[in-house]
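**Student:** only geometry, no sequence info:
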């Protein structure tokens, strides 16, 4: 009877094992699908994941809702601005029907780019640029400011994403070297332990070797946790699931940014920087308000309210003029600093390249010597680690240089988002 009960229990256990073990095995073996991210894709996802940009775009659409002109939030920038200027100016010259919002938008574009090449051959447009004719000018000025704010947010997000991306690549490179070093030290320690057991090494020597091995292992564990935390930050920023398995493309191996002449960056900054654009918009808003206030004053020069409004608008014009001058000075200092920073980092990158070439040559010589049995495996491995370290340092220097060039390019355009 006891044997029969025991047999039944064993049978039930076997069936349960067959039923449930495969399920548990599938769960344990299930891994997250790899997510391949280039730097550009990571930045794009970060921008798409930012709620404030979506909300600002809605505000822009609400402002321009019902207008005949099919406006884009990008119409105020770069090639989009050129297209919008050409379109509106051509329609103006040809006598095509234009409503007040379209006139106002052209006026805003003239506010921003009137002293640039965008308006070469269009100088006669100034006779149409009477702010008093454009009741919707302030609306387009607000659209412009919102668009600038969005661009600043995008810039900040891309900058933050780039820093995280580069930090992960750098940390992974260092982790690979640490792993190689740990493997090398483990092998060396085993050899030293054999020698210690044979009485060829002192106890102090073998204890020191063990201590150094544990230190390297601890460094590797700490760096691994740092990488995990950096990856979590990048996943949150880009809206990816925390469980994602990130595969980052190391662009530093085949991409080195072009470093343009100084005047290229300065001239671009004086046209495109947000401090100057914002100040110009405020200036022409003040001019528009002044024209309205001045007309009211002309009709009733003894009216206290009219006198006060005229004085206030004149003060706003003066403040905007000062802001334009201050903006240009700040832009000049910013470009100078960023340009010098790029020059320094380029020199550092070139030095790291020379160090890498030297380390690779030394490793090549060590391999040849090892094959001829002129040096030990330990000596060869030491040169290999030196070569890997030089490669990691060079890759880091390329990322840092590329980041500095991107920063210079950005400060010569809209500027860097201060919120980040």
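**Tutor:** Here it is on my side, so go on. What you see is a predicted model; the values in this text were computed from it and never measured.
**Student:** quick one: contacts of stretch 167-174?
**Tutor:** 223, 226-227, 230-231, 234, 246, 248, 250, 252, 391-392, 395-396, 399 (C-beta atoms under 8 Å, 6 or more residues apart in numbering). (Each C-beta comes from the backbone N, C-alpha and C, glycine too.)
**Student:** at 6 Å what do you get?
**Tutor:** Stretch 167-174 has contacts (C-beta atoms under 6 Å, 6 or more residues apart in numbering) with 226-227, 230, 250, 392, 395-396.
**Student:** least confident pick among these?
**Tutor:** Within the contacts of stretch 167-174, pLDDT reaches its minimum at residue 250, with 80.
**Student:** tally of neighbours for that residue?
**Tutor:** 17 (other C-beta atoms under 10 Å).
**Student:** give me every residue that touches it.
**Tutor:** residue 169.
**Student:** against residue 170, how distant is it?
**Tutor:** Separation of residue 250 from residue 170 (C-beta to C-beta, to the nearest Å) stands at 10 Å.
**Student:** re earlier: make a ChimeraX selection of whichever of the contacts of stretch 167-174 turn out to be buried.
**Tutor:** Buried members of the contacts of stretch 167-174, defined by 16 or more other C-beta atoms under 10 Å, are picked up in ChimeraX with:
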select :227,230,250,392,395,396
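**Student:** low-confidence stretches in the stretch 301-420 of the chain?
**Tutor:** Confidence mapping of the stretch 301-420 of the chain against pLDDT under 70 gives the ranges 415-420.
**Student:** strands of the chain, residue ranges please.
**Tutor:** 34-37, 245-248 (DSSP state E).
**Student:** could the ones you listed be laid out in TSV, adding distance to residue 120?
**Tutor:** Listed next are the strands of the chain as TSV, based on distance: least, C-beta to C-beta, whole Å:
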stretch	distance to residue 120
strand 34-37	42
strand 245-248	44
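**Student:** tabulate the ones you listed (CSV), appending distance to residue 292, mean neighbour count and mean pLDDT.
**Tutor:** CSV is the format used below for these (distance: least, C-beta to C-beta, whole Å; neighbours: other C-beta atoms under 10 Å; pLDDT from 0 to 100):
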stretch, distance to residue 292, mean neighbour count, mean pLDDT
strand 34-37, 52, 15, 88
strand 245-248, 56, 15, 90
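**Student:** right, and the ones you listed - which one's nearest residue 158?
**Tutor:** strand 34-37 (13.6 Å; C-beta to C-beta).
**Student:** dump the residue contacts of residue 165.
**Tutor:** With C-beta under 6 Å, 6+ apart, residue 165 has these contacts: 39, 42.
**Student:** tell me the pLDDT of it.
**Tutor:** On pLDDT, residue 165 comes in at 92.
**Student:** okay then, goodbye and thanks.
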